[in-house]
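J.: Here is my input; please provide its structure:
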Amino acid sequence: MTAAENVCYTLINVPMDSEPPSEISLKNDLEKGDVKSKTEALKKVIIMILNGEKLPGLLMTIIRFVLPLQDHTIKKLLLVFWEIVPKTTPDGRLLHEMILVCDAYRKDLQHPNEFIRGSTLRFLCKLKEAELLEPLMPAIRACLEHRHSYVRRNAVLAIYTIYRNFEHLIPDAPELIHDFLVNEKDASCKRNAFMMLIHADQVNNFVYSSCERARFIRCIYNLLQSSSPAVKYEAAGTLVTLSSAPTAIKAAAQCYIDLIIKESDNNVKLIVLDRLIELKEHPAHERVLQDLVMDILRVLSTPDLEVRKKTLQLALDLVSSRNVEELVIVLKKEVIKTNNVSEHEDTDKYRQLLVRTLHSCSVRFPDMAANVIPVLMEFLSDNNEAAAADVLEFVREAIQRFDNLRMLIVEKMLEVFHAIKSVKIYRGALWILGEYCSTKEDIQSVMTEIRRSLGEIPIVESEIKKEAGELKPEEEITVGPVQKLVTEMGTYATQSALSSSRPTKKEEDRPPLRGFLLDGDFFVAASLATTLTKIALRYVALVQEKKKQNSFVAEAMLLMATILHLGKSSLPKKPITDDDVDRISLCLKVLSECSPLMNDIFNKECRQSLSHMLSAKLEEEKLSQKKESEKRNVTVQPDDPISFMQLTAKNEMNCKEDQFQLSLLAAMGNTQRKEAADPLASKLNKVTESAYILRFYGVCKKNTSHVAKCDICIYILTVSKLFLSGDLKLVEKPSPLTLAPHDFANIKANVKVASTENGIIFGNIVYDVSGAASDRNCVVLSDIHIDIMDYIQPATCTDAEFRQMWAEFEWENKVTVNTNMIDLNDYLQHILKSTNMKCLTPEKALSGYCGFMAANLYARSIFGEDALANVSIEKPIHQGPDAAVTGHIRIRAKSQGMALSLGDKINLSQKKTSI
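T.: Numbering: from 1, shown residues only. Next comes the predicted model:
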């Protein structure tokens with residue numbers, strides 16, 4: 001093998017316009033020339049050696065006449081020369097002359113100039129001869145204590161490379177670097193020291209040993225106070241990895257919370273919040289975080305809705321009887337603040353989140369409901385119907401569960417009843433008042449509020465009078481503002497205008513219920529009839545006087561009759577429907593007969609139906625919590641092996657894991673999932689074979705795609721040109737490489753993903769071989785398909801939110817079911833598994849067999865995009881028991897790419913099942 005074929009780390013341009021000098025002339029310049037001549041001669045020697053020339057006679061000349069010089073340029077060139085010059089005999093033994101060179105290295109390592117020391121240390125990183133390095137070890141160690149950071153950081157790198165290549169030369173390298181790290185102040189030196197500790201083979205014996213761990217943790221504690229957010233973030237993560245002590249977890253969590261509050265980038269806030277949520281998943285850490293709930297709530301000052309949503313969910317998961325009172329006080333203040341903020345879409349949604357959080361707190365801790373309900377019921381009159389609906393749902397559940405709060409809720413409901421603006425909320429409020437007013441005074445108060453909300457009755461006659469009365473008032477004449485004008489002749493003139501106005505029908509203030517009815521919404525009239533029937537039957541049972549009974553029932557029937565009359569007239573914008581007429585007529589008949597059977601149906605069975613619904617909802621929540629807890633607890637079989645650190649062989653300790661801690665956790669049954677503990681294993685599952693270059697040296701290339709939030713990292717084992725299809729963007733192009741024989745290189749290319757849709761990465765490798773006849777070779781790589789499933793995660797939402805998004809989303813993709821599966825439930829589970837979506841329809845609604853099935857599915861991407869699906873399938877019974885499932889799946893999304901990609905995924909999964 002020639003010198004030109006040896007591995008070289010430094011490339012120097014070779015001028016081709018001059019004749020190569022002779023060895024005699026070079027020797028003469030090196031011996032007798034001045035510094036400038038020796039510099040030029042040394043450059044020529046280096047170039048000739050790189051070109052494959054043999055100059056063995058110049059080695060002693062350079063050692064005698066050039067090596068003692070103190071010129072900095074000469075010393076830099078000498079480092080290059082010693083790197084490329086052959087240092088061994090043909091049989092592999094070290095040249096005797098190199099002993100003199102080694103002594104020169106030692107003197108340079110003790111040189112007063114920090115640049116010469118640092119450059120020599122960097123040069124030593126490239127030496128592969130242990131005989132040359134062994135005498136230099138004391139001088140290298142001494143450089144760790146040099147006053148200049150340039151020398152110290154290069155000394156760390158030199159120790160790292162020597163330890164990696166020749167461990168026997170410095171076996172105590174990890175301990176040495178740790179002691180250096182504890183007292184070091186320079187950031188670049190710390191960085192190199194950490195790199196060495198991370199990659200050193202024996203770092204586990206040092207970092208995780210019980211006697212040394214505390215010293216290392218103290219260093220990490222100091223880094224938590226760093227001014228750099230990135231350093232604080234990494235230090236907190238490292239601290240959690242090293243120690244599970246409550247003080248360490250609390251310090252790391254507090255550091256995360258401070259980062260969330262101080263950082264302005266919402267993406268950073270979300271990433272750090274995810275770290276806090278991961279901490280909460282560990283049972284031992286959850287109790288520590290419970291003491292930090294109030295600190296976590298400080299994050300609510302962030303205006304971003306997604307950050308607030310995650311924060312409230314985290315606080316709700318951590319709330320306990322010790323801190324629930326403080327949590328409720330803070331949330332009540334936040335709810336009141338939303339009233340003072342100008343109306344904005346995010347403000348309304350934030351109010352909904354607060355209401356739901358307070359709802360959950362009150363259900364889990366009933367003692368808090370009395371403090372929460374008066375504040376929330378003010379929002380029944382809110383313009384935002386969604387927030388008011390959440391409050392109404394909470395009030396309905398609270399009044400059913402907590403008997404001691406019924407009087408308070410009815411009282412507050414009567415106070416805000418007249419201010420309710422939404423017809424949907426009005427219907428719900430009517431139902432609650434009709435169902436839970438149990439005293440004579442409350443019933444009379446409800447009737448008073450209903451009469452107040454209806455206005456003057458009979459409605460038709462009073463409206464006709466108003467219509468006729470609109471022509472009677474004289475028109476009000478007003479004078480408009482005076483305006484100065486300039487005429488064509490340049491003179492000034494004034495202009496004023498008279499305007500007449502009169503109150504129109506729209507400007508009149510109608511009572512709310514009357515307004516709903518005149519707008520044609522008679523569904524609220526059916527709800528009102530049910531409420532009137534309930535309170536009338538209850539009033540008859542409470543009051544013994546026949547006259548009062550008849551008077552109250554007659555008044556209720558009069559209100560129903562006048563509503564029926566209004567519905568049949570031409571005054572409303574829309575006529576009353578037949579269903580509403582039947583419902584009101586039924587209520588009139590019930591009041592006219594007052595049978596015990598109807599009394600039981602209206603006053604008992606309605607409430608029992610609500611109780612059953614709430615119980616089913618509670619059971620479903622408990623079932624989902626049980627499944628989540630089962631996922632967390634990993635069972636360990638009795639015959640699983642336990643690894644003991646003391647009995648582990650040295651070559652088995654390459655993994656960067658705490659063997660002692662893992663064995664202890666295995667014995668306690670708290671082992672973590674293998675995929676989470678070994679991220680490399682999950683990455684290897686996504687290796688994509690790209691191509692093969694079929695040549696005598698057999699180079700193989702593989703691409704690995706890994707999704708990390710919004711980016712894809714592609715690791716390529718040779719140089720390639722990449723092209724992207726879809727909403728993908730190449731952040732930086734791979735740079736060209738020169739590879740030696742049997743060598744390889746890793747190139748990382750970052751691809752920015754802008755939205756959730758399928759994409760394709762394709763490209764080729766262009767290379768040439770030194771000395772080959774062909775000009776250039778090209779290998780076309782196989783395509784890498786970016787799967788949409790890497791972005792989509794199961795999520796939950798309420799039925800109201802699902803319906804609202806279904807109405808708002810404009811992109812729909814209808815997929816026809818085409819499969820050989822014969823069971824409806826099996827097909828649904830297959831779709832859920834294939835699309836990473838979650839079924840929102842309760843399991844009880846899907847249980848049983850009736851030949852058809854309808855279910856709503858929901859998922860959310862890591863980019864915040866929502867995906868909805870409605871599965872409507874059936875099994876044709878007339879075709880026999882082996883008939884395949886048929887039907888349609890309708891997908892709706894905000895973006896076209898999401899809808900189309902999910903449809904393609906479902907079609908592909910169906911093709912896989914239909915054999």
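J.: Tell me how far His178 lies from Ala248.
T.: 18 Å (C-beta to C-beta, to the nearest Å). (C-beta placed from N, C-alpha, C; glycine too.)
J.: Are there helices or strands packed against the helix or strand where Val372 lies, and which ones?
T.: Val372 belongs to helix 369-376 when assigned by DSSP states H and E. Under the contact criterion of 3 or more C-beta pairs under 8 Å, 6 or more residues apart in numbering; DSSP states H and E, helix 369-376 touches helix 324-340, helix 345-364, helix 385-401, helix 406-416.
J.: Quick one: those helices as CSV, columns for mean neighbour count and mean pLDDT too.
T.: Listed next are the helices and strands packed on helix 369-376 as CSV, based on neighbours: other C-beta atoms under 10 Å; pLDDT from 0 to 100:
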stretch, mean neighbour count, mean pLDDT
helix 324-340, 16, 82
helix 345-364, 20, 80
helix 385-401, 21, 81
helix 406-416, 18, 85
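J.: could I get the ones you listed as JSON lines with distance to Ala526?
T.: Shown next, in JSON lines, are the helices and strands packed on helix 369-376 (distance: least, C-beta to C-beta, whole Å):
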{"stretch": "helix 324-340", "distance to Ala526": "33"}
{"stretch": "helix 345-364", "distance to Ala526": "27"}
{"stretch": "helix 385-401", "distance to Ala526": "18"}
{"stretch": "helix 406-416", "distance to Ala526": "20"}
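J.: out of those, nearest to Ala370?
T.: helix 406-416 (6.8 Å; C-beta to C-beta).
J.: For the closest one, which outside residues touch it?
T.: 370, 373-374, 377-378, 380-381, 395, 398-399, 429, 432-433, 436-438, 442, 445-446, 449 (C-beta atoms under 8 Å, 6 or more residues apart in numbering).
J.: where does the stretch 501-650 of the chain dip in pLDDT?
T.: 501-509, 625-637, 639-650 (pLDDT under 70).
J.: so what's Leu623 closest to, chain neighbours aside?
T.: Of all residues not flanking Leu623 in the chain, Glu843 sits nearest, at 7.9 Å (C-beta to C-beta, 6 or more residues apart in numbering).
J.: For that neighbour, report the pLDDT, please.
T.: For Glu843, the pLDDT comes out at 79.
J.: Test my guess that it contacts Ala616.
T.: No. Using C-beta atoms under 8 Å as the test, Glu843 is too far from Ala616 to be in contact (10.2 Å).
J.: Relative to Leu124, how far out is Gln110?
T.: In terms of C-beta to C-beta, Gln110 sits 14 Å off from Leu124.
J.: next one: Lys349
T.: Look at Lys349 and Leu124: by C-beta to C-beta, they are 61 Å apart.
J.: same for the longest helix seen in the chain, what does it pack against?
T.: Selection of the longest helix in the chain by residue count, based on DSSP state H, yields helix 606-632. Contact here means 3+ C-beta pairs under 8 Å, 6+ apart; on that basis helix 606-632 packs against helix 385-401, helix 423-436, helix 843-846.
J.: 7 Å - rerun?
T.: With contacts defined as 3 or more C-beta pairs under 7 Å, 6 or more residues apart in numbering; DSSP states H and E, the packing partners of helix 606-632 are helix 385-401.
J.: got the contact list for the helix it packs on?
T.: Contact with helix 385-401 is made by 348, 351-352, 355-356, 359, 362-363, 369, 373, 376-377, 379-380, 382, 405-406, 409, 422, 424-425, 428-429, 432, 436, 610-611, 614, 800, as judged by C-beta atoms under 7 Å, 6 or more residues apart in numbering.
J.: Alpha carbons of that helix, as PDB, please.
T.: Coordinates of the C-alpha atoms in helix 385-401 are reproduced here as PDB (Å, rounded to 0.1, in the frame of the first residue of the first chain):
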ATOM      1  CA  GLU A 385     -73.500  29.200  23.500                       C
ATOM      2  CA  ALA A 386     -70.800  26.500  23.800                       C
ATOM      3  CA  ALA A 387     -69.500  27.900  27.200                       C
ATOM      4  CA  ALA A 388     -73.100  28.300  28.500                       C
ATOM      5  CA  ALA A 389     -73.900  24.700  27.400                       C
ATOM      6  CA  ASP A 390     -70.900  23.400  29.400                       C
ATOM      7  CA  VAL A 391     -72.100  25.300  32.400                       C
ATOM      8  CA  LEU A 392     -75.600  23.900  31.900                       C
ATOM      9  CA  GLU A 393     -74.300  20.300  31.700                       C
ATOM     10  CA  PHE A 394     -72.400  20.800  34.900                       C
ATOM     11  CA  VAL A 395     -75.400  22.300  36.700                       C
ATOM     12  CA  ARG A 396     -77.600  19.400  35.500                       C
ATOM     13  CA  GLU A 397     -75.100  16.800  36.800                       C
ATOM     14  CA  ALA A 398     -74.600  18.700  40.100                       C
ATOM     15  CA  ILE A 399     -78.300  19.100  40.900                       C
ATOM     16  CA  GLN A 400     -78.800  15.400  40.300                       C
ATOM     17  CA  ARG A 401     -75.800  14.200  42.300                       C
END
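J.: of Gln110 and Leu124, who's got more company?
T.: More neighbours surround Leu124 than the other of Gln110 and Leu124, with 24 against 12 (other C-beta atoms under 10 Å).
J.: For that one, list the residues it contacts.
T.: Leu124 touches 133, 136, 158, counting by C-beta under 7 Å, 6+ apart.
J.: got these as CSV, with secondary structure columns?
T.: Listed next are the contacts of Leu124 as CSV, based on DSSP: H, G, I helix; E, B strand; the rest coil:
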residue, secondary structure
Leu133, helix
Leu136, helix
Ala158, helix
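J.: Just the buried ones from these?
T.: Neighbour counting by 16 or more other C-beta atoms under 10 Å classes 133, 136, 158 among these as buried.
J.: from the middle of its chain, how far away would stretch 403-411 be?
T.: Its chain's C-alpha centre and that of stretch 403-411 lie 41 Å apart, by C-alpha atoms, centre = their mean, to the nearest Å.
J.: Cool, thanks, talk later.
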